[in-house]
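Asks: Show me how the following folds:
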Amino acid sequence: MSLAEQLYEEACEFLTKANAVDTNLLESKELELHKEYIAYYQTIKNEIEAAGQSKNTDTPEQVAKRFIAQGMSTELIMRATGLSWLVVEGLRPKKK
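Replies: Presented below is the predicted three-dimensional model:
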């Protein structure tokens, strides 16, 4: 199983479990965090689906830049693209 397939499975599994949560039982901060995690994993799932439907002409760097724009962690981007920590961090916008 490829790394992208593994991440896709993990994202789908998380989304299935997260959507089964009774959000009425969550406090406001928990609910906010719950929604952020759902958005995060939905983005991963969508990106992997889009990559699978394209002719796969995107370079790992292009994929990493899209993940960076979505606020993904360096570790997750490394897992999804196979890029090193230095490369991923080098793609991040420089702080002023």
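Asks: for the longest helix along the chain, packing partners?
Replies: As assigned by DSSP state H, the longest helix anywhere in the chain is helix 28-53. Applying 3 or more Cβ pairs under 8 Å, 6 or more residues apart in numbering; DSSP states H and E, one finds that helix 28-53 makes contact with helix 3-19, helix 60-69, helix 74-81. All C-beta atoms are positioned from the backbone trio N, CA, C, and that covers glycine.
Asks: Where does the prediction get shaky in the chain?
Replies: Low-confidence segments of the chain (pLDDT under 70): 1, 54-56, 96.
Asks: Identify the residue nearest the geometric centre of it.
Replies: The chain has I44 as the residue nearest its centroid, 3.3 Å off, counting by Cα atoms, centre = their mean.
Asks: Go ahead and confirm that one touches G71.
Replies: No. With contacts counted by Cβ atoms under 8 Å, I44 stays clear of G71, the gap being 11.3 Å.
Asks: quick revisit: which one, of the helices and strands packed on helix 28-53, ends up nearest to V87?
Replies: Smallest distance to V87 across these (Cβ to Cβ): 7.3 Å, for helix 60-69.
Asks: gap between the closest one and the chain center?
Replies: Centroid separation for helix 60-69 versus its chain: 10 Å, with Cα atoms, centre = their mean, to the nearest Å.
Asks: Would you mind pulling up the elements that it packs against?
Replies: Using 3+ Cβ pairs under 8 Å, 6+ apart as the contact definition, the elements that helix 60-69 packs against are helix 28-53, helix 74-81, helix 85-91.
Asks: switch the cut-off to 6 Å
Replies: Applying 3 or more Cβ pairs under 6 Å, 6 or more residues apart in numbering; DSSP states H and E, we find helix 60-69 packed against helix 74-81, helix 85-91.
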